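**Student:** Starting from these lines, generate the structure:
(2 chains)
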Amino acid sequence: MKISYILPLIVTLLIAIVLWVGLGSLQNKIVYKPLIGKHIDNINLKSIINNKPLNQVIKEQKYILYFFSSWCGHCAREHKELIKMKKKLDIPIYGIVSNDSLLAIKVMLSREGNPFNDVAIDDNSFLSIDLGVNGIPEAIIIEDGKIIDRFRGGIDYGVISKIFASNY
Amino acid sequence: MLLKKKDNGGLNLLGIFGQISLVISFIFAIFAIISPLFKKNDKMIGNMIIGQTLFAFSAFVILIYAFVVSDFSISNVYQNSHTTKPLIYKIAGSWGSHEGSMLLWANLHMFISLAYLIFSDEKLKIRLKILTIQSWLSVFILGFIIFTSNPFVILDMVPENGKGLNPLLQDIGLAIHPPILYLGYVSSSIAFSSIFIYLLQNEFSSLSAFYLQKWILFSWSFLTLGIGLGSLWAYRELGWGGFWFWDPVENASLMPWLLASALLHANIVCYKTENLKNWTSLLAILTFLASILGAFLVRSGIITSVHSFASDPGRGVYILAALCFASLVSLSLFAFKPFANNQKEEEAFLTKQNGIKLNNLLLFTLFFTICLGTIYPIFYEIIMHKSISVGEPYFVKVFLPIAISLLFASGFFSNLNWKRSKISKIYFLILLISGLFLLFIHKFYFYKNITSSFALFGSFYLLFSMFYIYFKKLDLACYEFTYILAKIRSLSVSFNTMILSHIGFAILAIGITFSSGWDAEKTAIISIGEKIRLDNYEVELRSLNLKKKHNYVAAIANLYVEKKSNELGHLWPEQRFYNAEQTWTSESSIIWQINEDFYVNISEIIPSSNKLEVKLFIKPFVSFIWMGVLILFIGGIYSSFRKRNL
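**Tutor:** Next up is the predicted model:
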């Protein structure tokens, strides 16, 4: 028996272990979450309901800013989840529309239901850029004007209900 | 169409039959692996193989039937089909999803096992033993299907219509590319199982190696064709103007291909000289393991890829467990019971055997770089807790120099004999001619960079070497037609294969070099009546029309193309909106020419102003890539099906 003949076995098993650990970390995937702790001063996008700037509308200490649009398939799927979540826990959610028209959003909200406290359109995407949003749907959780957590491409119901548990 | 919302209470005969077939096939496979315990009944395993194949096939037929009649009570059909789809994509949809493709995999695996049972030249006793190992693999695959990805899950409610198939997959490329690639993957299992048995018996005769060669070639040919068709699909359908993106899915298919290429060379040494037995068996094992590794990487979602269509960590656990088991058993067998080393002392350095060793070294290094580049991000994430992506720059930098040396080495060493040979002046003459030819080519395609030029140099060298070897072997004494024909017919199958495949490889390399080194592209916004130029080409947007088709709405642009003021024809790139899936895709339109493709893709339609954002590409010699792949395939399959003598 030569040592070189065992080498393939050892290398393959090492790779398998790495893959195993990698697969494990997939379940609690390390996600890149930028700008946590960033202070948000003024969201002056205008509400589509009463045309007031959003920072005057938002009264809550802790809320979710939810970036979405009507043309995005994942948003449409998650919309239903949001509505369910809204029914169960009354969490303040503010919708920010990116790259979409007012009409399309109104049609979407009237057809699918509206889980949002208020909605504003981010016309030139400045808010998205400020908050580091580079894809939709993205949910940003804000407490006392600071970003405390964010979910890219899908909210985690469990984590959100924990964060907002103190409210109830 | 009778599609009502009804509560069917989970009673669906089609789905139930499908599930039962799968389970029966599974039971047959289990009987096949325990059949060696009953020593008297040697033929039993043959029947078991036939049984599992039949029932797995019937499950597959049931699934296809469910797709054809759009039975949406089956979850898989609901997820991946729609009544408005053309029939061919309904059928193709049955292997477009993860579950369906695994069922296809199982079917092909069993068919190839059955084919091995019938057509192999190996002794029946050994053949049956090899089939036991094949049945072990069947058990794994069927278990995987039944326990983690059952295609016959029945919905409680019958939905009115399906969700549709990913529009990118609604292409003829999808209908044929996966079955062919899978055929390549599954047939690599034959070499694995055979080597397993040979290791277990501790006997690997040169005759066995020779019989194995045609199965290796079969697997390699279908891998080649499958990868080629996949990149043809990407080129036509994805609209990026490229044919290879170093995407993890593509890398996953390239890894077994590289190993299979090394294997088929090493096995030649094995049956000609009885050397390299252990190395050959290691390659055979690794080729198959690389296939499973590829399946794992793609299906588990451990690496996010542009086209990982179906991924789920739960499945990953299963595949990884199977991978660990298979590698543990086979590689320990290799480690603790290798063949006796009867390698004779090498007398000469310049022999074909050493050439093949070098070839194996290079191919294995290529495999290693790709494997590293694909797995490294996972390493990095575990250790550094940060994501990283390894992309094209790494692969191009590491891959190209090795691939180019492979071209030169194969050109040089194919000239040599099995025994001692000398370097004759003619080799340098071929090198010189290739160099001159390169200079000649640079008159039309100006010097761009050292890598491209070297790649071309190597390809020409390989090409000319092959022509030289061919004519040297023909040894024509006179030029009468019948005499030449008789001479050509007297050449052996393996020699023809060698020449043909290496020419294919050279042509493929030329195509890849040109299309990536001398391409041109331009993005422009164009309105109706406007003209834009790219090199010699002039494009005019004549009109923009909407067309309603059965399952999509298309905005079709009519582009009139001129080259040096001569009419080339019209191009009709499209933007399609698929109703069922609610997604946009763009269909590129290409003028195919031998020397260069002119490729147009609409990136965006600006609705208010009837303007288009288009991407134009000039891709020289892309046709050579497809031609090269086809020649490689023909070379391999010709050799695999012809009867040969040792």
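
**Student:** Please count neighbours and contacts with C-alpha atoms only from this point.
**Tutor:** Fine.

**Student:** Let me see the contact set for residue B:509.
**Tutor:** Residue B:509 sits next to B:455-456, B:459, B:625 when contact means Cα atoms under 8 Å, 6 or more residues apart in numbering or on different chains.

**Student:** Please identify the buried residues of the host helix or strand of it?
**Tutor:** Assigned by DSSP states H and E, residue B:509 belongs to helix B:493-517. Residues of helix B:493-517 classed as buried: B:493-494, B:496-517 (neighbour count, 16 or more other Cα atoms under 10 Å in any protein chain shown).

**Student:** swap in stretch B:262-279?
**Tutor:** Buried positions in stretch B:262-279, judged by neighbour count with 16+ other Cα under 10 Å: B:262-271, B:274-279.

**Student:** Then stretch B:611-624?
**Tutor:** For stretch B:611-624, burial by neighbour count (16+ other Cα under 10 Å) applies to B:611-612, B:614-624.

**Student:** List the ones among those residues that fall in strands.
**Tutor:** Using DSSP state E, B:611-612, B:614-620 are the members of the buried residues of stretch B:611-624 that sit in strands.

**Student:** could you check the distance from residue B:370 over to residue B:244?
**Tutor:** In this view, residue B:370 and residue B:244 are 14 Å apart by Cα to Cα, to the nearest Å.

**Student:** When the two are compared, which one has more neighbours?
**Tutor:** Neighbour comparison, residue B:370 and residue B:244: the larger count goes to residue B:370, with 23 against 19 (by other Cα atoms under 10 Å in any protein chain shown).

**Student:** Quick check: pLDDT value at that one.
**Tutor:** With respect to pLDDT, residue B:370 scores 93.

**Student:** does it belong to a helix or a strand, and which?
**Tutor:** Assigned by DSSP H and E, residue B:370 falls within helix B:352-384.

**Student:** Which SSE is immediately downstream of that helix?
**Tutor:** Per DSSP H and E, the first helix or strand lying C-terminal to helix B:352-384 is helix B:392-413.

**Student:** tell me which residues in that next one are buried?
**Tutor:** Neighbour counts over helix B:392-413 (16+ other Cα under 10 Å) mark B:395, B:398-400, B:403-413 as buried.

**Student:** how about the helices in chain A?
**Tutor:** Here chain A has its helices, by DSSP state H, at A:3-27, A:54-57, A:73-88, A:102-112, A:126-130, A:157-163.

**Student:** center of chain A - which residue?
**Tutor:** Ranked by distance to the mean C-alpha position of chain A (Cα atoms, centre = their mean), the top residue is residue A:139 at 2.1 Å.

**Student:** what bridges to that one?
**Tutor:** Note on residue A:139: beta-bridge partners by DSSP bridges are residue A:66, residue A:151.

**Student:** returning to what we had before: show me which of the ones in strands among the buried residues of stretch B:611-624 neighbour chain A.
**Tutor:** Among those, no residue sits close to chain A (Cα under 8 Å from any Cα of the partner chain).

**Student:** Now render those as a markdown table, adding distance to residue A:111.
**Tutor:** Formatted as a markdown table, those follow (distance: Cα to Cα, whole Å):
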| residue | distance to residue A:111 |
| --- | --- |
| B:611 | 32 |
| B:612 | 32 |
| B:614 | 35 |
| B:615 | 37 |
| B:616 | 40 |
| B:617 | 43 |
| B:618 | 46 |
| B:619 | 47 |
| B:620 | 51 |
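
**Student:** now check stretch B:244-256, is it near chain A?
**Tutor:** No - figure legend: stretch B:244-256 not in contact with chain A (Cα under 8 Å from any Cα); closest approach 14.4 Å.

**Student:** And the helices in the stretch 501-646 of chain B?
**Tutor:** B:622-641 (DSSP state H, counting those that start in this stretch).

**Student:** Could you check how far the closest residue to residue B:79 other than its chain neighbours is from residue B:72?
**Tutor:** Spatial nearest neighbour of residue B:79, chain neighbours left out: residue B:163 (5.2 Å); criterion: Cα to Cα, 6 or more residues apart in numbering or on different chains. Per Cα to Cα, residue B:163 is found 10 Å from residue B:72.

**Student:** Which residues are in contact with each of these two?
**Tutor:** In terms of Cα under 8 Å, 6+ apart, residue B:163 and residue B:72 are both contacted by the residues residue B:78.

**Student:** tally of neighbours for the residue in the stretch 1-150 of chain B that chain A sits nearest to?
**Tutor:** For the stretch 1-150 of chain B, the residue closest to chain A is residue B:79, as judged by Cα to the nearest Cα, at 14.3 Å. Neighbour count for residue B:79, taken as other Cα under 10 Å: 17.

**Student:** Could you export whatever helix or strand it lives in as PDB, CA atoms only?
**Tutor:** Assigned by DSSP H and E, residue B:79 belongs to helix B:75-80. Taking Å, rounded to 0.1, in the frame of the first residue of the first chain, the C-alpha atoms of helix B:75-80 are listed here in PDB:
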ATOM      1  CA  SER B  75     -48.000  19.300  -9.100                       C
ATOM      2  CA  ASN B  76     -45.100  18.900 -11.400                       C
ATOM      3  CA  VAL B  77     -47.300  19.500 -14.500                       C
ATOM      4  CA  TYR B  78     -49.000  22.400 -12.800                       C
ATOM      5  CA  GLN B  79     -45.600  24.000 -12.000                       C
ATOM      6  CA  ASN B  80     -44.100  23.500 -15.400                       C
END
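
**Student:** quick one: average confidence on it?
**Tutor:** pLDDT averaged over helix B:75-80 gives 84.

**Student:** residues in contact with that helix?
**Tutor:** With Cα under 8 Å, 6+ apart as the criterion, helix B:75-80 contacts B:66-67, B:70-72, B:93-94, B:96-97, B:99-100, B:151-155, B:159, B:161-166.

**Student:** Provide the contact partners of the next helix or strand after it at residue level.
**Tutor:** Per DSSP H and E, the first helix or strand lying C-terminal to helix B:75-80 is helix B:87-93. With contacts defined as Cα under 8 Å, 6+ apart, helix B:87-93 is touched by B:64, B:67-68, B:80-82, B:165, B:170-171, B:174-175.

**Student:** Kindly write the PyMOL command that selects the buried subset of those.
**Tutor:** This is how PyMOL selects the buried members of the contacts of helix B:87-93, with burial counted by 16+ other Cα under 10 Å:
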select buried, chain B and resi 64+67+68+80+81+82+165+170+174+175
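
**Student:** still on that earlier bit, can you give me the angle the helix holding residue B:509 makes with helix B:392-413?
**Tutor:** Compare the direction of helix B:493-517 with that of helix B:392-413 by axes from the mean of the first three to the mean of the last three Cα atoms, to 10 degrees and you get 140 degrees.

**Student:** any idea of the mean pLDDT for helix B:493-517?
**Tutor:** Average pLDDT, helix B:493-517: 93.

**Student:** How about residue 73: what's its closest non-neighbour residue?
**Tutor:** Picking chain A for this. The shortest distance from residue A:73 to any non-neighbouring residue, by Cα to Cα, 6+ apart, is to residue B:582 (7.9 Å).

**Student:** wait, I meant chain B there
**Tutor:** Closest to residue B:73 by Cα to Cα, 6+ apart is residue B:158, at 4.8 Å.

**Student:** And the pLDDT for that neighbour?
**Tutor:** At residue B:158, the model reports a pLDDT of 76.

**Student:** Counting neighbours, what do you get for it?
**Tutor:** 22.

**Student:** which stretches of chain B have low pLDDT?
**Tutor:** Scanning chain B with the threshold set as pLDDT under 70 gives B:1-11, B:39-42, B:301, B:303-314, B:342-347, B:643-646.

**Student:** got the contact list for whichever residue of it sits closest to chain A?
**Tutor:** Across chain B, no residue is closer to chain A than residue B:335, which sits at 4.6 Å (Cα to the nearest Cα). With contact set as Cα under 8 Å, 6+ apart, residue B:335 has these partners: A:1-2, A:5-7, A:9.
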